[in-house]
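Participant: pasted the sequence and its predicted model underneath.
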Number of protein chains: 4
Amino acid sequence: MNYQAVLNYISEFIQPEFGKGKVADYIPSLANIPPTKFGMAIHMVDGQTYKVGDAEENFSIQSISKLFVLQLVMRHMGDMVWTKVGKEPSGDPFNSLVLLEHENGIPRNPFINAGALATTDMLMSTTQDASLLIRNYLKFISMNPAIESDPLVAQSELETSHVNHALAHLMKSYGVIENDVGALIEVYCQHCAISMNCVDLAAAILPLADKGYSAVCGETILPERNAKRLNAVMLTCGTYDSVGSFAYRVGLPAKSGVGGGIVAVVPGKMSIAVWSPELDKFGNSYVGTAALEQFTSLTHCSIF
Amino acid sequence: MNYQAVLNYISEFIQPEFGKGKVADYIPSLANIPPTKFGMAIHMVDGQTYKVGDAEENFSIQSISKLFVLQLVMRHMGDMVWTKVGKEPSGDPFNSLVLLEHENGIPRNPFINAGALATTDMLMSTTQDASLLIRNYLKFISMNPAIESDPLVAQSELETSHVNHALAHLMKSYGVIENDVGALIEVYCQHCAISMNCVDLAAAILPLADKGYSAVCGETILPERNAKRLNAVMLTCGTYDSVGSFAYRVGLPAKSGVGGGIVAVVPGKMSIAVWSPELDKFGNSYVGTAALEQFTSLTHCSIF
Amino acid sequence: MNYQAVLNYISEFIQPEFGKGKVADYIPSLANIPPTKFGMAIHMVDGQTYKVGDAEENFSIQSISKLFVLQLVMRHMGDMVWTKVGKEPSGDPFNSLVLLEHENGIPRNPFINAGALATTDMLMSTTQDASLLIRNYLKFISMNPAIESDPLVAQSELETSHVNHALAHLMKSYGVIENDVGALIEVYCQHCAISMNCVDLAAAILPLADKGYSAVCGETILPERNAKRLNAVMLTCGTYDSVGSFAYRVGLPAKSGVGGGIVAVVPGKMSIAVWSPELDKFGNSYVGTAALEQFTSLTHCSIF
Amino acid sequence: MNYQAVLNYISEFIQPEFGKGKVADYIPSLANIPPTKFGMAIHMVDGQTYKVGDAEENFSIQSISKLFVLQLVMRHMGDMVWTKVGKEPSGDPFNSLVLLEHENGIPRNPFINAGALATTDMLMSTTQDASLLIRNYLKFISMNPAIESDPLVAQSELETSHVNHALAHLMKSYGVIENDVGALIEVYCQHCAISMNCVDLAAAILPLADKGYSAVCGETILPERNAKRLNAVMLTCGTYDSVGSFAYRVGLPAKSGVGGGIVAVVPGKMSIAVWSPELDKFGNSYVGTAALEQFTSLTHCSIF
């Protein structure tokens, strides 16, 4: 299949979708991104790559970072991670404190804010500088040593992080959080504020498409078993409160972020990253979702 | 791969799992099933079949019937079905009335009781005898004209259906249900009480594994598009409140019933049906889930 | 104090309040009442009565009937009534099914719909014709043999009683309801549809103001202990989800109905009934509440 | 009536009640109080006082402090206080974050933790040293210049205040809290840790029993209107999730604390303070509640 032609076609196809979503505006650094940005990149398991549009422009990965934090925690703790975080879809808006109260402070899954605070806390307990570890991991798996966290974005997030503080304190009251809440929120905001582009991200998740192996790095990053499991968690929990609709429309394991990025996996074949800042009401990129739907439709690569 | 050998192995492998679950006991007809029953059947898209254990013994399909009702409604109404039922995981026990109150009487998905009442109601509005239609559809797609609803089971369900009455009345208060509540509950109990065996069920869901085509019937039963979508809905909503864990462990689209049956789909390859009456705390067959987990592990057929 | 002058003053004082509330419109018989009706009556413990406006015009007592059903059940069962219904404010809209699910089908209090269904069910279990018993009780305690249930209103309520059916079926699933749900809803709708006027109602609740004794009947209707307890339940549960605001503004035990009636008690002194059909957002008479607030303010009779 | 004899009788009457409740154990300073302490004091509006048992022994007033913070905020802000806190019973455990999420961060009432954090925040916004103001107010209205906050208790509370931190951060995310969360929690813990005895407390709440006037101070402390309103808020919200049962059994406006203290008001007649450390499952003094129930029963002073 001529994937470059498919990407070119999609970049035209999605033009009428601009203006239907809304750029995240809770911090200035996100609100100021031009809304019609669009980039897409794919990385085949054999090493070939294709890209279109703004695929090499950096954006804030936001919640996509939760996927990499989970990878690092699973590496250190294995299945013990699931003693402090569930793996079921939340069925509630992504900040909800309700479920924490009903479930002894155990967040529903590692991709809602509460769950990512829990995994970040676990990572902090196993390493001296969790922020550094996350950045170094991303530099390695995307083979781009220039990847950094944007200090302005991190600072803005920190200043508007009252709900995350509330979540962390509530979990601490249940003994789920071990580290100091202030330090935890700082690490959390730093990894949400990491800047990457579609090409980097497609490379970074290639192991999930190839049983843990990365043609980019030339080595196995994850055990096959973990790659499959992360795909399962992405499919059932990766796109906020629209996992059912996303599976129905797109049919791929994916993780989205409010910066407008989405990463997706076609097991055995390729990894995909797409970016466009306007969000649907659930917090997923409006145009990015349309692009992915069109992609699986054209290439028949849905896992279903 | 020698699938018969795999099935034989699994039927040994699962022996230590008996006694860890609990047979459904809310009606006598289910409570009296011997707990150590185990059957499994697979149907390849090329027509080959394999079976083991009690694969030809009939059991009550219960909630698996919801999958076939949904197929029939989609045939009549297409995507309009989603105006009266959602397609997101519920995140709450399968009888919960809470979400109905918060979401204008629209059930979260067609596989919780409320959702299946809604799809059954839609089917009743499009046909004179919905019960007959469902039975005839199952007879055809499994090529077994002997399939019937067990009147004793249906009667027992009817007598203990207070929660379903409550769900239906609440949805009627929102205008989601059109037909008489009494008549609706009767049709609902009848299709839950249908008796089938693993071989029948594997045949019946073969179209979901082969883009809508059934080698059993020799014809296309569903549009490819619907087959994929039904698989997506099964993956995110098919196993009550453990869809995340089920995807993590088994990695296949599946629908379970409290009779102990589970049907699962390996897209492009085969359909699977397994039966064992003891249930885990979520209502899925304990031994059946273990058998499916072992199956995907041995044959590497997880979709992830 | 010249209570007639106070009532006359209030009937002028409340004129500007018309148009700020909204007449109940869920059944035609209620929706067609002229919105500017206003009547008020008080009954002193020494037997004197005062009235103003439309105090002798009949209206639908609706939820006020719950107070009399509770009296009859307490007479038969004493404190055993509290094994099937709580006595705490609900904190949720008056139809909510949520709490029933979390609290084993035990309604929060006897003045929400679920609770009144439970008390009506208990009454049905202790008598052959609960509807007749309720009507006869009201005829006696208000000394008006002409009191009846309006069959048109009862029929309309029956036809729109899907939520009450849902509540009753859910409670039946927990074993809280003993009688047939259809028969229960019928009795419930009949007592909600009873027509009375302010003079009747003030007479009917006089025992609550005088330690159980009624100067109207010339005999003791309730034990003193029950009179005090019913006042306590009215104060904390009698005015839907605004009990706190009502206590703050009015400061009297009271029970309201969506027909626009409110009955209130000044312990040791008098009983009060007021009627005006426009409701506030909680379901209490808008003008009636304003009249009661003005009354306690002018006569310094708040219990606080 | 011989009130001293009544108090003496009650101090005997409650002896069999010891051992049925449980002393608060979340901080060591509370857990170490001997469980069989019992003291009771009443202050008549004419200035007479009566006391029994450990009525002059200091204990931690805990949530009773919320009543005095509310008085101070009402003095400064009048009814504007109700723009940031409701006055309805919560219907949920006293720490619940759920309602905050559903109601834009506005706590249900000023006597749950969230509500008292909101009133403490308002007080901090109107004065330089809110802690000092609260202590000085208590010294004045109880005419005891020795009243202080126990620094050990305050420190312990601070160290276990994760839930309060969560509540405050969540409210800050809605803009309900103005001050720094850390500073707020400190002031909050300090006023909860104030030590007083029954005689002090009965004096301190005398204004609520006498239209705002205090015979202890010889001057009017609150407007009559506010005294009545505070009594109404206490009746509907003062005893955690058992306001209905408390009104049913005791029939007086009251505020309790987990230190085992309860203050209660007989409007127009007297103020009461009782202390006994064992708590019922709602957090109210088990023996204290029994003592108050016996008191209103013997003296016929229930407001109902």
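Facilitator: Yes, it's here.

Participant: where does chain A get nearest to chain B, which residue?
Facilitator: Chain B sits closest to A:Gly91 of chain A, with a gap of 2.3 Å, by Cβ to the nearest Cβ. For the C-beta atoms, the positions are set from N, CA and C on the backbone; glycine is no exception.

Participant: which secondary structure state does the nearest residue to that residue once chain neighbours are set aside sit in?
Facilitator: Ranked by Cβ to Cβ, 6 or more residues apart in numbering or on different chains and with sequence neighbours excluded, the top spatial neighbour of A:Gly91 is B:Gly91, at 2.3 Å. Put simply, B:Gly91 is coil when judged by DSSP: H, G, I helix; E, B strand; the rest coil.

Participant: if I look at A:Pro267, how far off is A:Thr236?
Facilitator: 15 Å (Cβ to Cβ, to the nearest Å).

Participant: of these two, who's got more company?
Facilitator: More crowded of A:Pro267 and A:Thr236, by other Cβ atoms under 10 Å in any protein chain shown: A:Thr236, with 27 against 22.

Participant: which element, helix or strand, includes that one?
Facilitator: Element membership for A:Thr236 (DSSP states H and E) is helix A:224-237.

Participant: mind listing what the residue of the stretch 1-150 of chain A found nearest chain D touches?
Facilitator: Ranked by Cβ to the nearest Cβ, the top residue of the stretch 1-150 of chain A for proximity to chain D is A:Leu97, at 4.5 Å. By Cβ atoms under 8 Å, 6 or more residues apart in numbering or on different chains, the residues touching A:Leu97 are A:Ala114, A:Ala166, A:Leu167, A:Leu170, D:Leu97, D:Val98, D:Glu101, D:Ala166, D:Leu170.

Participant: over to A:Trp275?
Facilitator: Contacts of A:Trp275 by Cβ under 8 Å, 6+ apart are A:37-40, A:54-55, A:57, A:59, A:197-198, A:259-262, A:285, A:288.

Participant: and the helices in the stretch 1-150 of chain A?
Facilitator: For the stretch 1-150 of chain A, the helices defined by DSSP state H, counting those that start in this stretch cover A:3-13, A:28-31, A:65-77, A:98-102, A:113-126, A:130-141.

Participant: just send these back as TSV, with mean pLDDT too.
Facilitator: Listed next are the helices of the stretch 1-150 of chain A as TSV, based on pLDDT from 0 to 100:
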stretch	mean pLDDT
helix A:3-13	98
helix A:28-31	89
helix A:65-77	97
helix A:98-102	72
helix A:113-126	97
helix A:130-141	98
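
Participant: just say which of the ones you listed is most tucked in.
Facilitator: Of those, the one with the most neighbours on average (mean count of other Cβ atoms under 10 Å in any protein chain shown) is helix A:113-126, at a mean of 24.

Participant: what does the stretch 51-200 of chain A have sitting close to chain C?
Facilitator: Residues of the stretch 51-200 of chain A found near chain C (Cβ under 8 Å from any Cβ of the partner chain): none.

Participant: low-confidence ranges, the stretch 51-200 of chain A, go.
Facilitator: Applying pLDDT under 70 to the stretch 51-200 of chain A flags residues A:92-96, A:98-99.

Participant: which positions in chain A make contact with chain D?
Facilitator: Within reach of chain D by Cβ under 8 Å from any Cβ, chain A has these residues: A:96-98, A:101, A:162-163, A:165-170, A:172-173, A:181.

Participant: related to what we said a few turns ago, now the angle from the helix holding A:Thr236 to helix A:113-126?
Facilitator: Helix A:224-237 runs at 150 degrees relative to helix A:113-126, counting by axes from the mean of the first three to the mean of the last three Cα atoms, to 10 degrees.

Participant: mean confidence score for helix A:224-237?
Facilitator: Taken as a whole, helix A:224-237 carries a mean pLDDT of 96.

Participant: show me which residues of the stretch 101-250 of chain A are close to chain B?
Facilitator: Near chain B, when you scan the stretch 101-250 of chain A using Cβ under 8 Å from any Cβ, you find A:108-109, A:227-229, A:231-233, A:235-237, A:241-245, A:247-248.

Participant: please look at A:Ser242 and A:Tyr286 and confirm they touch.
Facilitator: No: if you go by Cβ atoms under 8 Å, A:Ser242 and A:Tyr286 don't touch, sitting 11.3 Å apart.

Participant: OK, contacts around the closest residue to A:Met234 other than its chain neighbours?
Facilitator: Spatial nearest neighbour of A:Met234, chain neighbours left out: A:Pro253 (3.8 Å); criterion: Cβ to Cβ, 6+ apart. Contact partners of A:Pro253, counting by Cβ under 8 Å, 6+ apart, are A:Leu208, A:Leu230, A:Asn231, A:Ala232, A:Met234, A:Leu235, A:Gly238, A:Ala264, A:Val265, A:Pro267, A:Ile303, B:Phe304.
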